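Peer 1: Turn this into a structure:
(4 chains)
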Number of protein chains: 4
Amino acid sequence: MSAPCHCKHSDDGASNGNALNVLSPELQQEFKDSNHPANLICELCRLFYDNNWVTGTGGGISIRDVDGENPNLVYIAPSGVQKERIQPWEMFLVELPDEKILRTPNDIPKELTKSYKYKPSACTPLFMSCYTMRDAGACIHTHSQHAVMTTLLYENEKEFTISHIEQIKALPKLQYNEQTKKVEKLVIPIIENTPHEEDLTDSLQEAIKNYPGTSAVLVRRHGIYVWGETVWKAKVYNEALDYLLELAVKMKLAGIPLVKEDS
Amino acid sequence: MSAPCHCKHSDDGASNGNALNVLSPELQQEFKDSNHPANLICELCRLFYDNNWVTGTGGGISIRDVDGENPNLVYIAPSGVQKERIQPWEMFLVELPDEKILRTPNDIPKELTKSYKYKPSACTPLFMSCYTMRDAGACIHTHSQHAVMTTLLYENEKEFTISHIEQIKALPKLQYNEQTKKVEKLVIPIIENTPHEEDLTDSLQEAIKNYPGTSAVLVRRHGIYVWGETVWKAKVYNEALDYLLELAVKMKLAGIPLVKEDS
Amino acid sequence: MSAPCHCKHSDDGASNGNALNVLSPELQQEFKDSNHPANLICELCRLFYDNNWVTGTGGGISIRDVDGENPNLVYIAPSGVQKERIQPWEMFLVELPDEKILRTPNDIPKELTKSYKYKPSACTPLFMSCYTMRDAGACIHTHSQHAVMTTLLYENEKEFTISHIEQIKALPKLQYNEQTKKVEKLVIPIIENTPHEEDLTDSLQEAIKNYPGTSAVLVRRHGIYVWGETVWKAKVYNEALDYLLELAVKMKLAGIPLVKEDS
Amino acid sequence: MSAPCHCKHSDDGASNGNALNVLSPELQQEFKDSNHPANLICELCRLFYDNNWVTGTGGGISIRDVDGENPNLVYIAPSGVQKERIQPWEMFLVELPDEKILRTPNDIPKELTKSYKYKPSACTPLFMSCYTMRDAGACIHTHSQHAVMTTLLYENEKEFTISHIEQIKALPKLQYNEQTKKVEKLVIPIIENTPHEEDLTDSLQEAIKNYPGTSAVLVRRHGIYVWGETVWKAKVYNEALDYLLELAVKMKLAGIPLVKEDS
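Peer 2: Model prediction:
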C-alpha cells in the first residue's frame, strides 16, 4: 500500500506540466481537475502497481462519471500498456447504454502518444457487465497474487467463503442478523479462466446473477473483478477484499478454517 | 514502513494549499502547524495505510492535546472513511471528561467535505477508555494482519506472551529484575471480538483493569488497540508490538516457542 | 513495486540540478531528456532497488538506443556501484558490433565522480549476447529472490515451466493454439552459476540458441537475465516473469503443481 | 527497500528549511552539505526504517568522518528516539581515541530539541569496538527480522554459514581460491544477547578477534552489527547480508541446506 503524496505541488501532478499544451483547450481544462475520472484512473493505477496488482501491464480500472453532468460516460484504460505510467489523455471514453466511442487516445496529438495504436482494455465487456447489471460507478480488475493463490488453494471450490473476521464489515450487504446475532459470512463466486479475457463475460454475468449480494467475482488462476457505487467505494471494497484474501491464504496454509462455527 | 517525506515543501503538505481558504482564519492558523494533532492524525494515517494497518477504512487514531493549552481536548478521526486521505478539518474535537463535542466536520464548508455526513469513529468509546483509565495521550487502533494471525494461531489463549527478544525492551514497564537478572516477559491480553465495535468497551476496560502493566489489548480476529503517554510514544509502542507480532507468527509457524525457559 | 513520482518537478530529477554544470554542453543537453537511455537506466535502477532486485550493488541494466539516430549505441551501467544512486554520466557508452568504447565515466570531471575508477558491469558480455543474438533493445539482470528460490526448489531441473496462469500472457511468443485450444506453457531455461560472472557467457548463449522462444534465462543460485525489443518491453517481461516466479515459489511450497494437465 | 528521492528540491531536504536559523552559522554551514555524516545518518535511518530494520526506536548507525579533515571524528545517533525522524543537530560528536565528547544535542537551542534530554546510543561501546579494532568508517546496527529469525532457526549454532549464492560476492574478503576453484563460504559469528546492550561489548570484541575476515556479528534474538571501511561500504555489506539472511530463512524453512557440497 502507498498513500498518495500530499505535497502541495503534487496537486498538479496529473496535469503533467507542459505536455498538456498540445491538447485542445477543452481537454486541458478537464485534466486540470485532479478528481476528473481520467486523472483518478492514473492515480489509482500507480497505487495498484505499488501493491503488485497490475504489474506487467496486467489488470485495469474503469470509472463511470457518476458525479458528472452525464453519468452515462465511462472512462476505460487502454489495453497492454504499463498501468503505472498511463496519462489522462490515453483513456477511451464511451457512452452507455450503446457503448458509443466518444473519444479515443488514437485522436490525441502524436507528440503525446508516439503513434502507439491503442485498443480499449480487454476487460471492457466485463466492466460493461458491472455497469449495466449492477449500476456500478467503477470497476477494478487486479492480478493480485492473494486472489490467484486463494483460487489455487481452493481449486475445487466454486466459492470463496470466510467468516468472523472484522474486516468483512467493510464490505456491503453483509447485514447483522438480529435473530441469529450474527454477521453473515462473506461469499465471493469463483469462475474459471478462459484463453481470451473477453470470453469470461458469460460466466461473469452468470455469477453476478447468481450472487445478487456480491461486489466481486474471483477468476481462477487469474485475479479478481471488484465494483462499487463510486470509484472510492470500489477502491475500498477491493482493499478490504484483498486484505481478506491475503489473510485467507495465511489461514489456509496454517490449517485454520476460514469459516468458524458459532459456539 | 515508510519514513515521512523530508522535502522542504512537504512542511506545508498538511495545509493542502488553497483548500484552506474557505476555512475560518482561526482554523487556517491552527492547521498551518504540522505538529497540530489534526495534522498528525492525517500524517500517521498515511503511514499506517502504507503498512496495511488501516486499509479499507479499517482502524483509526485519536490524539489528546497533551502539550496544548487545554490537555482535555481530544481529536478523533471520522468513521468509515479512507484513512490515508483524511484532512485535518475532518476531525471531531471533544473535551474530556464529559466528551462534549466542540467541533464536528459537519460544520465545515461543504466545498471541503462534499456534504458527506460524518460520524465519529466507532472506536470512540474504546479510545475514551484509554484516556480516562490510563491518562493516555493518544490511542491507535489497527487491523494489522500480524495481530489477527497471532490471535488465530493462539485461538484458545487469553494472552499473548513473548520473551527474550530484544525489541521487547522498546515497550514500557518491563523492568530488568536485578534479583533474577531477567527482563520480564511481555504479556498482552486478548479479548474476543463482538458484532459491533462499541460492544468491545466492557471487555477492553476489564482487560485494562486486569493488566495494569499493559499498553495494548489484542482483539481476536480483529486487530489491536495501543496507547501511550504521547502520540509519539503510542506510535513507537505500536511499531514495536507489530514487529513482535510479526516475529511471533513466524516463530509459531516454524515451531519455535515464544517463551524461552531461562537456562 | 513503486510507481514513478509524477510530481511536476521530478521531470528534471534526472538532471540533478547544478551538478550538470561541470559537464560539457553536449552532455548537459543530452541528460535534460528524461527519456535518454542514461536517465532511464537511473530511473529503472531506483525502481529495481525498491523491489529488492539490485540491492548490495547486485544486478544491472543496459539499454540500446533503438529509437535514437544510431541504434548501435549501447549504454551500460558500471560495475560494483550502488545501483539506486547511479547518475547518467556514470554510464559506459559502446558501439556495436565491435563494442568500441565511445565514452567512459572515467572521462567525467572528478567533481562528479570523486576519482572513482569505473569498470563496465561484469554482465557486459552477457548483455552483448542478447543484443547480437536476439537484436534486443535492452537487457535486465536481477538478483530477485523469487528467481533464486525457484532455481533452488527445482535444483535438478534445467527448465522452469509453468502453465495456466493469466500473467503468462504478458510474455511474448506464447501463442494461442487454435487446434488444441490451449495457450502454450511458459518455459525458461536454467543455467548453472559460475565463480566469475563473465564465465556465464557460453552457457547463456547456448540457452539462447536452444530456446528460440525465450525472453529470459535463469541462473541457478544467482538471478535472472531478461531482454526485450525495447527497454519498456524488457521491463514488462521482467515484471511479469518475477510475478510468475513469486507465485511459483508459493505454489511449490503449498504443494500445487506448476503445470496443470488439461482436463 | 526504498531508493532516495531524486527530486531537485530534496537536495536541501536535510537542511530542514528555516529550522536551521537558530543554529550557529558554523553548524548551519555544515548541515547544508547533504554528504555531511550527520545528514547521511538521517538519510540512512529513514531508509532503514522503510526496511523494518529500526522501527520502534530500535537499531542505529554511527559514521566516522574518514573523508573529512579529522578522520577521528565520530558521529553517533542518540538513544531511544524515532530513528526515521532524527535531525542532523541531534547527533553526538566524539573524537577518537579517547571518545572525548565534542558536541551533544543537549547544547542545541531548545526550539529544535524541545528540552529532550539526549543520551548517546546504547550501541556506542559496540560501535567504538568496530572503529578501534577494525578501523571501520561506519557501523550499522539493525533489528532485522531476517537476522533474528536466522539466529532462532539455528538456535544451537555459534555461526551462520552459507555458500554458493551469488550475492555472497558483494561481501569482502571472500577470495576466489584458484586451487580449489571455489569461492569460499561466508561465515558470520553469532553471539548471545544480554539484558543490557552495552554488556554485548566483550563478546562482540571476542567475535571480532576470532573471525578476522568477518564484517558483521549476529546477536541472537536481537539483530546484527555490520561495519565497513566507509559508510557506503557498510551500507552495501548490510544490504547484501540482509538479502542473504532473508534467503537463508526461506531456504531453511523449505528444507534446502545453506551450505552446498561441491560436486
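Peer 1: For chain C, what's its nearest residue on the stretch 151-263 of chain A.
Peer 2: Chain C sits closest to A:His222 of the stretch 151-263 of chain A, with a gap of 3.8 Å, by Cβ to the nearest Cβ. For glycine as for every other residue, the C-beta is placed from the backbone atoms N, C-alpha and C.
Peer 1: and the gap between that residue and D:Lys173?
Peer 2: 48 Å (Cβ to Cβ, to the nearest Å).
Peer 1: quick one on the thing from earlier: now do the closest residue to the residue of the stretch 151-263 of chain A closest to chain C other than its chain neighbours: how many residues are near it, please.
Peer 2: Distance criterion Cβ to Cβ, 6 or more residues apart in numbering or on different chains; nearest residue to A:His222, sequence neighbours excluded, is C:Glu166 at 3.8 Å. Residue neighbour count, defined by other Cβ atoms under 10 Å in any protein chain shown, stands at 19 for C:Glu166.
Peer 1: do A:Thr104 as well
Peer 2: Neighbours of A:Thr104 (other Cβ under 10 Å): 17.
Peer 1: pretty sure it contacts A:Trp89?
Peer 2: No - assessed by Cβ atoms under 8 Å, A:Thr104 is found out of contact with A:Trp89, at 10.3 Å.
Peer 1: dump the residue contacts of A:Asn238.
Peer 2: A:140, A:142, A:216, A:224, A:226 (Cβ atoms under 8 Å, 6 or more residues apart in numbering or on different chains).
Peer 1: ok, these vs D:Trp232, which is closest?
Peer 2: For the contacts of A:Asn238, the minimum distance to D:Trp232 (Cβ to Cβ) is 37.9 Å, reached by A:Thr142.
Peer 1: Tell me the bridge partners for the closest one.
Peer 2: A:Ile224 (DSSP bridges).
Peer 1: so it makes contact with A:Leu47?
Peer 2: No - contact status for A:Thr142 versus A:Leu47: not in contact, 11.0 Å apart, counting by Cβ under 8 Å.
Peer 1: between those two, who's got more neighbours?
Peer 2: More crowded of A:Thr142 and A:Leu47, by other Cβ under 10 Å: A:Thr142, with 26 against 20.
Peer 1: contacting residues for that one?
Peer 2: Applying Cβ under 8 Å, 6+ apart, the residues near A:Thr142 are A:48, A:51, A:53-54, A:58-59, A:223-224, A:226, A:238, A:242.
Peer 1: Next: A:Leu152.
Peer 2: A:220-221, C:251, C:254, C:256.
Peer 1: rerun at 7 Å
Peer 2: A:221, C:251, C:256 (Cβ atoms under 7 Å, 6 or more residues apart in numbering or on different chains).
Peer 1: Kindly report the same for A:Ala207.
Peer 2: A:189, A:191, A:217.
Peer 1: The first one contacts A:Thr214, doesn't it?
Peer 2: Yes - if you go by Cβ atoms under 7 Å, A:Pro189 and A:Thr214 touch, sitting 6.3 Å apart.
Peer 1: where does the residue in the stretch 151-263 of chain A that chain B sits nearest to land on pLDDT?
Peer 2: Closest contact between the stretch 151-263 of chain A and chain B, by Cβ to the nearest Cβ, is at A:Ala240 (3.3 Å). A:Ala240 carries a pLDDT score of 97 in this model.
Peer 1: And the lowest mean pLDDT element among the helices and strands of chain A?
Peer 2: Averaged element by element with mean pLDDT, DSSP states H and E, chain A has its least confident helix or strand at strand A:176-177 (a mean of 62).
Peer 1: hang on, the earlier thing: for B:Asn156, see how far away the residue of the stretch 151-263 of chain A closest to chain B is.
Peer 2: From A:Ala240 to B:Asn156 the distance is 28 Å (Cβ to Cβ).
Peer 1: quick one, which of these two is more surrounded?
Peer 2: With neighbours defined as other Cβ under 10 Å, A:Ala240 and B:Asn156 compare such that A:Ala240 has more, 25 against 4.
Peer 1: so what's A:Trp53 closest to, chain neighbours aside?
Peer 2: A:Thr142 (3.7 Å).
Peer 1: Could you work out the end-to-end span of stretch A:106-116 for me?
Peer 2: End-to-end span of stretch A:106-116 (Cα to Cα, to the nearest Å): 8 Å.
Peer 1: What lies in contact with that stretch?
Peer 2: Contacts for stretch A:106-116 (Cβ under 7 Å, 6+ apart): A:19, A:22, A:89-90, A:105, A:117-118.
Peer 1: For A:His222 and D:Lys173, indicate the residue with more neighbours.
Peer 2: A:His222 (25 against 10).
Peer 1: circling back to that earlier point, which among the contacts of A:Asn238 gets closest to A:Gln179?
Peer 2: Using Cβ to Cβ, those come closest to A:Gln179 at A:Ala216, 26.9 Å.
Peer 1: Report pLDDT for the residue of the stretch 1-150 of chain A found nearest chain B.
Peer 2: Proximity of the stretch 1-150 of chain A to chain B (Cβ to the nearest Cβ) peaks at A:Ala3, 3.6 Å away. With respect to pLDDT, A:Ala3 scores 77.
Peer 1: is it true that A:Ile41 lies in a strand?
Peer 2: No - A:Ile41: not assigned to a strand; according to DSSP: H, G, I helix; E, B strand; the rest coil it is helix.
Peer 1: hey, where'd the strands end up in the stretch 51-200 of chain A?
Peer 2: A:60-64, A:73-76, A:92-95, A:100-103, A:138-142, A:159-162, A:176-177, A:182-183, A:186-191 (DSSP state E, counting those that start in this stretch).
Peer 1: With distance to D:Val231 as new columns, can those be given to me in JSON lines?
Peer 2: Below are the strands of the stretch 51-200 of chain A laid out as JSON lines (distance: least, Cβ to Cβ, whole Å):
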{"stretch": "strand A:60-64", "distance to D:Val231": "43"}
{"stretch": "strand A:73-76", "distance to D:Val231": "48"}
{"stretch": "strand A:92-95", "distance to D:Val231": "50"}
{"stretch": "strand A:100-103", "distance to D:Val231": "53"}
{"stretch": "strand A:138-142", "distance to D:Val231": "40"}
{"stretch": "strand A:159-162", "distance to D:Val231": "48"}
{"stretch": "strand A:176-177", "distance to D:Val231": "57"}
{"stretch": "strand A:182-183", "distance to D:Val231": "53"}
{"stretch": "strand A:186-191", "distance to D:Val231": "50"}
